[in-house]
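J.: Here is my input, please return the structure:
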Amino acid sequence: MFSFFNFLKTKNTFEGKLPKEKTLLLKRRHWFVIFLPSLIFIFFLLLPIFGYFLIRNFSWFEKISSLFWFGFFLYFLFLWISLGYALMRYFLTVIIVTNERVINIETKGFFKYERAETQLKNIQDVAIKIYGIFGTILNFGNLEIQTAGKKVKFIFTQLPDPEKIKKIIMTQKIVSNG
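T.: Numbering: from 1, shown residues only. Take a look at the predicted model:
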């Protein structure tokens, strides 16, 4: 039966997935990472609206109103592009843990991303660093993986529940080596 929400179901697949590889975990950064830019966006969204109500009754406003509205719409265009950029970076930056490797895909810009991966067998140490009051209260932080591969250290920033992710990685490392 067709369901409207079929597009939300995942097959746990990604580009470069190996044939016998199983996805154990796919995580984005913590929601608080996008919450703060959203609050800033709302503040800057309301700023020119308040400005309009302050200057609309001045006699000189009629003379420059078309220039004001042009600037107003350019300002909103810039805001929407900035919000779209922040959302794109949030949703396209992920950590993937499989039964064979750990993959970090980090979006750096509109047309730039970095992908780094390490085999579970190359992992030597996994450390967690939680900074600040918000990280402690909301349980998010950085995960640092020390490896014996080409790239010596992998740093995954602002992940939710980093202790759980560490446990999954270390458990899977033991299972794959055993």
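J.: Could I get the average pLDDT for stretch 128-147?
T.: Mean pLDDT, computed over stretch 128-147, is 92.
J.: With stretch 27-42 instead?
T.: This predicted structure assigns stretch 27-42 an average pLDDT of 90.
J.: Show me what that stretch is in contact with.
T.: With CB atoms under 8 Å, 6 or more residues apart in numbering as the test, stretch 27-42 has contacts from 79, 82-83, 86-87, 90-91, 93-95, 134, 138, 140, 157-160, 165. Quick note: C-beta positions are derived from backbone N, CA and C, even for glycine.
J.: same thing but at 7 Å, please
T.: Residues outside stretch 27-42 that contact it (CB atoms under 7 Å, 6 or more residues apart in numbering) are 79, 83, 86-87, 90-91, 93-95, 134, 138, 140, 158-160, 165.
J.: Poorly predicted segments of this structure, please.
T.: Flagging of the chain using pLDDT under 70 yields the residue ranges 1-14, 149, 178.
J.: any idea how far residue 119 is from residue 170?
T.: Relative to residue 170, residue 119 is positioned 14 Å away (CB to CB, to the nearest Å).
J.: The residue most central in space within the chain: what secondary structure?
T.: When CA atoms, centre = their mean is applied to the chain, the residue found nearest the centroid is residue 90 (2.6 Å). Here residue 90 is recorded as helix under DSSP: H, G, I helix; E, B strand; the rest coil.
J.: which of the residues in whichever helix or strand residue 146 is part of are buried?
T.: Assigned by DSSP states H and E, residue 146 belongs to strand 140-147. By neighbour count on 16 or more other CB atoms under 10 Å, the buried set for strand 140-147 is 140-145, 147.
J.: Which parts of the chain are strands?
T.: Under the criterion DSSP state E, strands of the chain are mapped to 23-28, 94-98, 101-109, 112-119, 123-129, 140-147, 153-160.
J.: domains in the protein, as residue ranges please.
T.: As given by automatic domain parsing, the domain ranges for the chain are 22-29+95-177, 37-87.
J.: could you dump the ones you listed to TSV with distance to residue 16?
T.: Shown next, in TSV, are the domains of the chain (distance: least, CB to CB, whole Å):
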stretch	distance to residue 16
domain 22-29+95-177	8
domain 37-87	24
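J.: relative to its centroid, which residue of this protein is most remote?
T.: Here the chain reaches farthest from its C-alpha mean at residue 59, the gap being 47.0 Å by CA atoms, centre = their mean.
J.: what about that one, distance to residue 23?
T.: Distance, residue 59 to residue 23, using CB to CB: 65 Å.
J.: just residue 29 next, same as before
T.: Counting by CB to CB - residue 29 and residue 23 are separated by 18 Å.
J.: And residue 71, by the same measure?
T.: Applying CB to CB, the value for residue 71 to residue 23 is 48 Å.
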